[in-house]
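>>> how does the following fold in three dimensions:
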Amino acid sequence: MSPTDIQRAFEERLNAVNELRTLVDETEGAEFTGEQEATYSRLNDAIDSLDSRIQTGLGHLERERQATEALEEFRSYNALTTPIETSVETVVSDNEQFRQLLKGEIRGFTSGPTERRDLDTGTAADGGNLITDSLYQRVVEKFTESGVALQAGATLLETQRGETMLIPTVTSYSTGALVAELGTIGSSDPQFGQSSLAVYKYAALVDISAELLDDQGVGSFNVLNFVSDQGGAAVGRALSNAWTAGTGSSQPQGMVNCTAGVTAASATAVTANEVIDLQHSVIAPYRQNASWVMNDSTVKAIRKLVDSDGQYIWQPGLRHSHPDELLGHPLHPDTNMPEIATGNKTIVFGDFAKGLFCRIAGGVRVESTNADKWTTDLISVRFIVRGGSVLVDTNALRHLVQA
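Residues are numbered from 1 along each chain as shown. Model prediction:
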């Protein structure tokens, strides 16, 4: 998207928000008619679609800005170096490795977080249009699209190997007290604990036809983009779901398993007061950089809530990296969060950077074979990612559970 397209999307979103506000105000708390409910759903869907377009467009602009800055920094070093004859290591792009993989020239490769490129990607005209992002980066983007742990600020650890990591945590702090003259000062030591961050294997298998491979150069079609989107989305959805809802038993520990903050009075609804109570169940130091995470259907219900002064507690956000707000904190819809129903943990609030550590170990492994599809002329491509997550600070996150 161009900057003009992004600006137009912002304007369309603001118009949709205003229409939504007008519709809710006109009903004054009464039940919607069938036509009003259809209009309400249409406007919500439009806002969600525009949010996705805006974030995608701004994300592309941000990546181009970062590439330009990196290029300028590199060029600034030219005057400080003396050219010498050295051997040049051949760099094989993910595109080329993927072609070799599907042609049977290699059996597999691993795309890691360190990306190397030959052409200038600072601007599209200088070569940016010719280069595809690394497979690893594309899969990480699928994690962000399929779940919002990283958007909400969870700490991401990228390691080469998958041994269990021990994360030190503070379970209690030193305390001070009033001491009389010549009185004895009591000892108060902090207490420490450990959280174990293990990794688990997530895999997906994508079959493609030999004809698809042979025709990959036709028009603008790119087989790497197509297959990596399919396989990356599959493992991305699986791991992202675990970062949100994992039980912690033989699988990652997800955010919903944080400490309980509020129990709703109803099994099928949430009130504005309960949302405020959940916000204040997290102590003040952890509220400074806090975020909300909930299912999109819960967001829909939250949008209708007003406080005792008749003010909406939900507010739209129109800036990059600044999503919609709830009581002054960013709100992130997550399809992996449970919907409002009996006993479900429907809302998580707090400082995700301190409360949830996510991990990817060893990059993205890609392998192929046609042995089991010999009679159908198909090629099976296997994607494997090892990842995990763990809650590391019991003070940082709280959840709301339905009655």
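
>>> all strands of this protein, in order?
Per DSSP state E, the chain carries strands over the ranges 108-111, 155-159, 165-172, 191-197, 200-209, 259-263, 291-294, 314-315, 325-326, 329-333, 345-350, 356-369, 378-391, 397-401.

>>> direction included, what does the fifth one pair against?
Each strand that strand 200-209 pairs with, and the sense of that pairing, follows from DSSP bridges: strand 378-391 (antiparallel).

>>> what mean pLDDT does the partner strand have?
Averaged across strand 378-391, pLDDT comes to 91.

>>> pull out the buried positions in that strand.
379, 381, 383, 384, 385, 386, 387, 388, 389, 390, 391 (16 or more other CB atoms under 10 Å). In short, each C-beta sits where N, CA and C put it, glycine included.

>>> so the spatially closest residue to the fourth one that is not a sequence neighbour bridges to which residues?
In other words, residue 384. Distances taken as CB to CB, 6 or more residues apart in numbering place residue 365 nearest to residue 384, at 4.3 Å, with adjacent residues excluded. Per DSSP bridges, the residues bridged to residue 365 are residue 110, residue 384.

>>> what residues does residue 365 make contact with?
108, 109, 110, 382, 383, 384, 385 (CB atoms under 8 Å, 6 or more residues apart in numbering).

>>> just list whatever residues bridge to residue 195.
Here residue 195 sits in beta bridges with residue 167, going by DSSP bridges.

>>> pLDDT value on residue 157, please?
91.

>>> okay, now the nearest residue to it once chain neighbours are set aside: neighbour count?
With sequence-adjacent residues excluded and distances taken as CB to CB, 6+ apart, residue 157 is closest to residue 359, at 4.5 Å. Residue 359 sits with 24 neighbouring residues when counted by other CB atoms under 10 Å.

>>> how near is residue 359 to residue 385?
Residue 359 sits at a distance of 11 Å from residue 385 (criterion: CB to CB, to the nearest Å).

>>> same check on residue 364?
6 Å.

>>> can I get stretch 255-271 in CSV, CA atoms only?
The C-alpha trace of stretch 255-271 is given here as CSV (Å, rounded to 0.1, in the frame of the first residue of the first chain):
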residue,chain,number,x,y,z
MET,A,255,-1.2,-16.4,28.6
VAL,A,256,-4.7,-17.5,29.7
ASN,A,257,-3.1,-19.5,32.5
CYS,A,258,-2.0,-16.4,34.3
THR,A,259,-3.3,-15.5,37.8
ALA,A,260,-7.0,-15.0,38.2
GLY,A,261,-8.0,-11.3,38.6
VAL,A,262,-11.8,-11.1,38.4
THR,A,263,-14.7,-13.5,38.2
ALA,A,264,-17.6,-12.1,36.1
ALA,A,265,-21.0,-12.3,37.7
SER,A,266,-22.5,-13.6,34.4
ALA,A,267,-21.5,-16.6,32.3
THR,A,268,-22.6,-14.8,29.1
ALA,A,269,-21.7,-11.1,29.6
VAL,A,270,-19.0,-8.7,30.9
THR,A,271,-19.7,-5.4,32.6
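
>>> list the contacts for residue 251?
Neighbours of residue 251 in contact, by CB under 8 Å, 6+ apart: 200, 242.

>>> what count of nearby residues applies to residue 39?
Neighbour tally, residue 39, other CB under 10 Å: 15.

>>> surely it meets residue 23?
Yes. In this structure, residue 39 is within contact of residue 23 by CB atoms under 8 Å, at 6.1 Å.

>>> quick one, phi/psi of the closest residue to residue 268 other than its chain neighbours?
Nearest non-adjacent residue to residue 268, counting by CB to CB, 6+ apart: residue 340, 6.0 Å away. The phi/psi pair for residue 340 (degrees, to the nearest 10) reads phi -70, psi 110.

>>> the one 3 residues further on too?
Geometry field for residue 343 lists phi and psi as phi 80, psi 0, criterion degrees, to the nearest 10.

>>> what about it, neighbour count?
11.

>>> so how far is residue 295 from it?
Distance, residue 343 to residue 295, by CB to CB: 15 Å.

>>> what do you get for residue 260?
18 Å.

>>> and those two? which has more neighbours close in?
Taking other CB under 10 Å, residue 260 and residue 295 do not tie; residue 295 has more neighbours (20 against 13).

>>> for that one, what are its contacts?
With contacts defined as CB under 8 Å, 6+ apart, residue 295 is in contact with 333, 334, 335, 337, 338, 339, 340, 346.
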